[in-house]
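[1] 3D, please:
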Amino acid sequence: MNRCRFVHTALLGLSSALLLALAPAAAHAQAVQRNFPAKALRGSMVVVQPPLVAMDDRPTRFSPGARILDTRNNLVMSATLVNQELVVNYTLDQRGQVHQVWLLTEAEAKEKRPGYGTQRNFIFESQQASPAGTPARTTN
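    You can find the predicted model right below:
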C-alpha cells in the first residue's frame, strides 16, 4: 500500500517538473514574429458566406484549399468569421481568388504593407464633404 502511494507521489512530482520545464517554451512560441511572404497584401476581410468573401469591399471568393491562420498560426474555419471585419494579410492565386489569410495582431496591423486596391495621393471632388452651410451639389 505504501509503495503505491510513493509511486503516485513520484509521478505527480515528475509531471509537475515537466510542465514547469515546458512552460517557458510555450510562452516563447507565442511571442515568435511571423514572416509573411513578400507578395502578401494587406486588406480588410469580411466573410460573407463561405466561400464568398469581400476583400476591401471587393467581392471575391476563397480558392479551393484556402487556409486562414489566426494570430498563433492555428487553422480557422471561414464559417466562424462570418460578418466580422478583420484586418488581414493575404495572398491570391493565379485566378485572383484568396488563397491564404493571416489574421493580424495589433502590432502586425500597424506595419505598412501594400494593399490590393489602387493607392492614390488625392481625393476626388465627389468624395469630399461639402463645407458647412454650402448646399451639396446634385446632378440632374
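[2] quick one, strands of the protein?
    41-49, 52-55, 58-69, 85-92, 98-103 (DSSP state E).
[3] using a markdown table, lay out those strands together with mean neighbour count.
    C-beta coordinates here come from the backbone N, C-alpha and C atoms, glycine included. Output for these, formatted as a markdown table (neighbours: other C-beta atoms under 10 Å):
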| stretch | mean neighbour count |
| --- | --- |
| strand 41-49 | 18 |
| strand 52-55 | 19 |
| strand 58-69 | 16 |
| strand 85-92 | 18 |
| strand 98-103 | 22 |
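[4] nearest to Val76, out of those strands?
    Val76 sits nearest to strand 58-69 of all these, at 4.5 Å, using C-beta to C-beta.
[5] could you check the angle that closest one makes with strand 85-92?
    90 degrees (axes from the mean of the first three to the mean of the last three C-alpha atoms, to 10 degrees).
[6] before we move on, the earlier item: out of the strands of the chain, the one nearest Arg113 is which?
    Once these are compared by C-beta to C-beta, strand 41-49 is nearest, at 3.9 Å.
[7] export only the CA atoms of that closest one, formatted as CSV.
    Backbone C-alpha positions of strand 41-49 (Å, rounded to 0.1, in the frame of the first residue of the first chain) are rendered in CSV as follows:
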residue,chain,number,x,y,z
LEU,A,41,-1.2,42.0,-49.4
ARG,A,42,-2.9,43.9,-46.6
GLY,A,43,-6.6,44.3,-46.5
SER,A,44,-9.9,44.3,-44.7
MET,A,45,-11.7,40.9,-45.0
VAL,A,46,-15.4,40.2,-44.4
VAL,A,47,-16.5,36.6,-44.9
VAL,A,48,-20.0,37.0,-46.5
GLN,A,49,-20.9,33.3,-46.8
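[8] among the strands of the chain, which is nearest Pro114?
    Smallest distance to Pro114 across the strands of the chain (C-beta to C-beta): 6.1 Å, for strand 41-49.
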